[in-house]
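In: turn this into a structure:
(one chain, ligands or ions: 2)
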Amino acid sequence: MSRDGNHIRVHSLQFDSLSENDTQRLGLALGRAASPETVVALCGEMGSGKTRFVRAVVEGLEGSPTDVSSPTFVLLQQYSARLLVHHVDAYRLTSETDFLDLGPEEWLTGPGVVLIEWADRISNCLPEDHLDVSITSTGETSRRFALTATGPKSRGLLDQLPGS
Ligand SMILES: Nc1ncnc2c1ncn2[C@@H]1O[C@H](COP(=O)(O)OP(=O)(O)OP(=O)(O)O)[C@@H](O)[C@H]1O
Ligand SMILES: [Mg+2]
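Out: Numbering: from 1, shown residues only. Ligands and ions are numbered 1, 2, ... in the order given. Presented below is the predicted three-dimensional model:
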């Protein structure tokens, strides 16, 4: 936390999701609040809910959630929505060079929204200001979301989410 005038601004947020509905609510809110150049770095074990969350974000951006999947060998998918969405799954990338081969300079700082699963694998390639979303399974249908803003832009996004 830091002081900004008379307000205490929260730079991180913990969200306890007890069901997919809760995850849906958080993702929708993020999608609605997203603006050009929003970059969301998702981390968490297999099955923690990264793709499920992305689906909700795309719906919040008025895109089609059924477009969102994690097909094998597709590293980058794009969905048209209120803002163009670039969805990366870095799980199968073996190096940061593989990531750079996807041409991130074209979209990482462009007018769209970027959502990256397994972002910890390419953390050196992320722009300084991004929203870290780390998901931990706490039960069969419960997940703990830890969201951390790393700059002013992501902080503005975090401030618009439920619980902040
Ligand atoms: N509260 C919850 N939030 C999100 N997903 C949940 C929740 N409870 C149960 N689930 C289930 O957990 C699974 C999450 O799968 P998902 O594909 O989103 O994981 P992932 O993190 O993208 O995995 P991978 O690393 O393999 O891509 C789904 O089957 C979903 O239905
Ligand atoms: Mg996934």
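In: and Val85, what are its bridge partners?
Out: Tyr79, Val113 (DSSP bridges).
In: would you pull up the residue in this structure closest to ligand 2?
Out: Thr51 (3.3 Å; Cβ to the ion). For glycine as for every other residue, the C-beta is placed from the backbone atoms N, C-alpha and C.
In: who's in contact with that residue?
Out: Neighbour list for Thr51: 68-70, 117 [criterion: Cβ atoms under 8 Å, 6 or more residues apart in numbering].
In: now, those that are in strands?
Out: The strands, defined by DSSP state E, take in Glu117 from the contacts of Thr51.
In: which parts of this protein are helices?
Out: 20-33, 50-60, 96-100, 104-107, 152-158 (DSSP state H).
In: nearest to Asp89, of the ones you listed?
Out: Ranking the helices of the chain by their distance to Asp89 (criterion: Cβ to Cβ) puts helix 50-60 first, at 8.0 Å.
In: near ligand 2, which residues of this protein?
Out: Applying Cβ under 5 Å from the ion, one finds that the chain approaches ligand 2 through 50-51, 70, 117.
In: now the buried members of the residues you listed.
Out: 50-51, 117 (16 or more other Cβ atoms under 10 Å).
In: check contacts around the residue nearest to the spatial centre of the chain.
Out: By Cα atoms, centre = their mean, the chain has its centre lying nearest to Val40, at 3.1 Å. Val40 sits next to 30, 57, 113-116, 130-131, 133 when contact means Cβ under 8 Å, 6+ apart.
In: likewise for Val85?
Out: The contact partners of Val85, taken as Cβ under 8 Å, 6+ apart, are 57-58, 61, 63, 78-79, 112-115.
In: same thing but 6 Å
Out: Listed by Cβ atoms under 6 Å, 6 or more residues apart in numbering, the contact set of Val85 reads 58, 79, 113.
In: before we move on, back to that, got a markdown table for the residues of the chain next to ligand 2, with pLDDT too?
Out: Formatted as a markdown table, the residues of the chain next to ligand 2 follow (pLDDT from 0 to 100):
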| residue | pLDDT |
| --- | --- |
| Lys50 | 97 |
| Thr51 | 97 |
| Ser70 | 72 |
| Glu117 | 96 |
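In: from those, which are also near ligand 1?
Out: Subset of the residues of the chain next to ligand 2 in contact with ligand 1: 50-51, 70, 117, counting by Cβ under 6 Å from any ligand atom.
In: can you name the two of the residues of the chain next to ligand 2 that sit furthest apart?
Out: Across the residues of the chain next to ligand 2, the longest distance by Cβ to Cβ is 8.5 Å; it joins Lys50 and Ser70.
In: fine by me, thanks again.
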